[in-house]
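>>> When you get a sec, could you give me coordinates for this:
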Amino acid sequence: MAEKIKIIFLGTSDSIPSAKRNHPAFLLTYQGENILVDCGEGTQRQFRKAALNPGKITRILITHWHTDHILGIPGLLKTLALSGYNKTLNIYGPRGTRFMMGELLKLFAFRESFPIEIHEVSGKFFENRDFYLEAETMRHGTPCNAYSFVKKGQIKIDKHKLKIHKIMEGPHLKGLKAGKNITYNGKKYLAKNLTFAERAKKISFVLDTEVNEKIARFVKDSDAFVCEASYTDELRDLAKRHHHLTARQAAQAAKNAKVGKLFLVHISQRYGGNLGRILNEAKKIFRNSVIPNDLDAVEI
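Numbering: from 1, shown residues only. Sure, this is the predicted structure:
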């Protein structure tokens, strides 16, 4: 059974939090990686509410440096330091992130007790055997990145079939993982009969941008697309002035990109009592749209 990718919606509000929705923060977990996308004010409290250990964070991806997306960083770093965090914390962001992180650390007199590496990124910026991370610049009146997590497709050995054919574990299976036929106890076995293809999976985050042609291209074929939807389309002129998306624009990008599911976040508090306006607008364009609540979790 392939390990699932999990997304925890720690904060789904816009610039002003509400009693039910905290500032933006999203945790993606997969095989020991705990990747935090944005860290709005109160994020570490959301970790506690979700019964999650912030000490397991491995990377932080900052979309941009507006306060509702980053004010949770100083408190989180302090908590990690007091909790004996001893890993290297990699922090990624758009152009200007090194300077802004330096100013933030000075402002809050943070005494570094664990290694922090700061990266300004675009394109594919991290890759290992199992997955890679990539960034694309967005349009928000300030340097801003969207991010994608891509779990690579792999050839997997079908252990049930090994058992049927009484093939034991061992170095002879190495060829199977490479898609090669093997010989075991004098008998030849075809790789295609003992393996299966595990397809790639993609999770994309677009947090704060005005509508632009790069969105659909960047999130193309995502299994999960987490996207801001600050306004309904009747306020599209206001959305443009503030460099944000309407629900209709987010849904159109999802449709154009042929994503699996659209998760609408960063919704203006003006719709707090009637989220149906946002959701219904999106569903008219892209049926598989949902509005997650804070602390909701999904597996992909």
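>>> Flag the shaky bits of the stretch 1-150 of the chain, pLDDT-wise.
With pLDDT under 70 as the threshold, the stretch 1-150 of the chain has low-confidence stretches at 1-2.
>>> can you give me the helices in the stretch 201-300 of the chain?
When secondary structure is read from DSSP state H, counting those that start in this stretch, the stretch 201-300 of the chain shows helices at 214-218, 236-241, 247-257, 276-285.
>>> my bad, should have said the stretch 51-200 of the chain
In the stretch 51-200 of the chain, the segments counted as helices under DSSP H, counting those that start in this stretch are 67-70, 73-82, 97-107, 159-164, 174-177, 191-194.
>>> Pick the most buried one from the helices of the stretch 201-300 of the chain.
Each of those was assessed for mean neighbour count using mean count of other CB atoms under 10 Å. The highest is helix 247-257, with a mean of 24. For the C-beta atoms, the positions are set from N, CA and C on the backbone; glycine is no exception.
>>> Restricting to C-alpha, output that helix in PDB.
Extracted C-alpha coordinates of helix 247-257, given in PDB (Å, rounded to 0.1, in the frame of the first residue of the first chain):
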ATOM      1  CA  ALA A 247     -13.800  32.100  -6.600                       C
ATOM      2  CA  ARG A 248     -14.700  32.000 -10.300                       C
ATOM      3  CA  GLN A 249     -11.100  32.800 -11.300                       C
ATOM      4  CA  ALA A 250      -9.700  30.100  -9.000                       C
ATOM      5  CA  ALA A 251     -12.200  27.600 -10.400                       C
ATOM      6  CA  GLN A 252     -11.400  28.500 -14.000                       C
ATOM      7  CA  ALA A 253      -7.700  27.900 -13.300                       C
ATOM      8  CA  ALA A 254      -8.600  24.500 -11.800                       C
ATOM      9  CA  LYS A 255     -10.700  23.600 -14.800                       C
ATOM     10  CA  ASN A 256      -8.000  24.700 -17.300                       C
ATOM     11  CA  ALA A 257      -5.400  22.800 -15.400                       C
END
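>>> avg pLDDT for it?
Over the span of helix 247-257, the pLDDT mean works out to 98.
>>> what residues does that helix touch?
With contact meaning CB atoms under 8 Å, 6 or more residues apart in numbering, helix 247-257 is reached by 206, 211, 215-217, 219-222, 225, 227-229, 231-233, 236, 239, 245, 262, 264, 278-279, 281-286, 289.
>>> rewinding a little: need the helices of the stretch 201-300 of the chain in JSON lines with distance to Val121, can you?
What follows is the helices of the stretch 201-300 of the chain, written out as JSON lines (distance: least, CB to CB, whole Å):
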{"stretch": "helix 214-218", "distance to Val121": "14"}
{"stretch": "helix 236-241", "distance to Val121": "27"}
{"stretch": "helix 247-257", "distance to Val121": "21"}
{"stretch": "helix 276-285", "distance to Val121": "29"}
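>>> Distance of the residue of the chain most remote from its centre relative to Gly32?
Of all residues in the chain, the one whose C-alpha sits farthest from the chain's mean C-alpha position, using CA atoms, centre = their mean, is Gly186 at 47.4 Å. Here the distance between Gly186 and Gly32 works out to 40 Å (CB to CB, to the nearest Å).
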